[in-house]
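> here's my sequence, what's the structure:
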Amino acid sequence: MDIKNRIEIARNILINASKMNASEEVLLKISRKIDKYVVEYYMKCGVQYQINKKNCGDCKNIPER
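Presented below is the predicted three-dimensional model:
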């Protein structure tokens, strides 16, 4: 599963948990997991984009600068 899918799935889980009035602790755990995935995405794609001046395979939607 690629990084973007993991972010989307975790985001949907967070939205559903919020709608179900999950505890603040649970929402924070899910949110931190999403943050971890976003950092991983930028570390893999953002830094590689700056180095290569092109998009990596997983990062097709990074705009040109």
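> C-alpha from now on. contacts and neighbour counts both.
Noted.
> let me know the helix or strand that Asp35 is in.
helix 24-41 (DSSP states H and E).
> then Ala22?
Per DSSP H and E: Ala22 is located in neither a helix nor a strand.
> what number of residues lie near it?
Neighbour count of Ala22, defined by other CA atoms under 10 Å: 12.
> quick check: phi and psi at it.
Note on Ala22: backbone dihedrals following degrees, to the nearest 10 are phi -70, psi 160.
> contact partners for it?
Contacts for Ala22 (CA atoms under 8 Å, 6 or more residues apart in numbering) come out as none.
> and it, how far from Ile3?
Ala22 sits 25 Å away from Ile3, going by CA to CA, to the nearest Å.
> picking up where we left off before, and the helix holding Asp35, what's buried?
Under the neighbour-count criterion of 16 or more other CA atoms under 10 Å, helix 24-41 has 27, 30-31, 33-34, 37-38, 41 buried.
> equivalent analysis for stretch 4-20, please.
6-7, 10-11, 13-14, 17.
> narrow these to those in helices?
Cross-referencing the buried residues of stretch 4-20 against helices under DSSP state H gives 6-7, 10-11, 13-14, 17.
> now Lys19: how far from Asn12?
Taken as CA to CA, the span from Lys19 to Asn12 is 11 Å.
> swap in Tyr41?
Taken as CA to CA, the span from Tyr41 to Asn12 is 17 Å.
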